[in-house]
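> whatever this is, show me its structure:
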Amino acid sequence: MASPQMAHSLPKYPVSSEFASEFQIPDFTDDAIASVEGNAPPEIKQVPLKWLAVFRRRKVSFANSIAHRVKVTEVSILKSPDDEHRIEGKVVCEIDVTQDAPYALSLL
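As a prediction, the model looks like this:
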């Protein structure tokens, strides 16, 4: 992490408003969040939903074609099996595999 003195000397890169708008995702409805299983609170469940929305909004990218097939089904917070004093996150997604998926016929 940069020190406060160093942060002032870091170059600032211009970000286009079009690029920035890809990351301005509104909050999801209560129904959308409730459809995701798991014990995580709603504000935590929104995190993977928002990242998926970012990939869905991008018009030209590898992830765009796949993101529309992905559904977040569970977001949970669990005790770490390695250290009882730590917690870890679990995100489960489903994806539809279709005929046009790369290598679909050779892997299935």
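
> C-alpha only now, for contacts and for neighbours.
Fine.

> where along the chain do the strands fall?
Here the chain has its strands, by DSSP state E, at 70-79, 87-95.

> winner for burial among these?
Compared across the strands of the chain, strand 70-79 shows the largest average neighbour count, a mean of 17 (mean count of other Cα atoms under 10 Å).

> for residue 42, which of the strands of the chain is the nearest?
Nearest to residue 42, of all the strands of the chain, is strand 70-79, at 9.4 Å by Cα to Cα.

> pull the CA atoms of that closest one into PDB?
Only the C-alpha atoms of strand 70-79 are listed here, as PDB (Å, rounded to 0.1, in the frame of the first residue of the first chain):
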ATOM      1  CA  VAL A  70     -23.900 -17.500 -15.600                       C
ATOM      2  CA  LYS A  71     -26.300 -17.300 -12.600                       C
ATOM      3  CA  VAL A  72     -25.100 -16.700  -9.100                       C
ATOM      4  CA  THR A  73     -27.000 -19.300  -6.900                       C
ATOM      5  CA  GLU A  74     -25.300 -19.100  -3.500                       C
ATOM      6  CA  VAL A  75     -23.100 -16.700  -1.500                       C
ATOM      7  CA  SER A  76     -22.100 -17.900   1.900                       C
ATOM      8  CA  ILE A  77     -19.700 -17.000   4.700                       C
ATOM      9  CA  LEU A  78     -18.100 -20.100   6.300                       C
ATOM     10  CA  LYS A  79     -15.600 -20.900   9.000                       C
END
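
> identify the residues contacting that strand?
Contacts of strand 70-79 with the rest of the structure, by Cα atoms under 8 Å, 6 or more residues apart in numbering, involve 35-40, 44-45, 48-49, 85-96.

> with stretch 83-100 instead?
Counting by Cα under 8 Å, 6+ apart, 48, 69-80, 104-105 sit against stretch 83-100.
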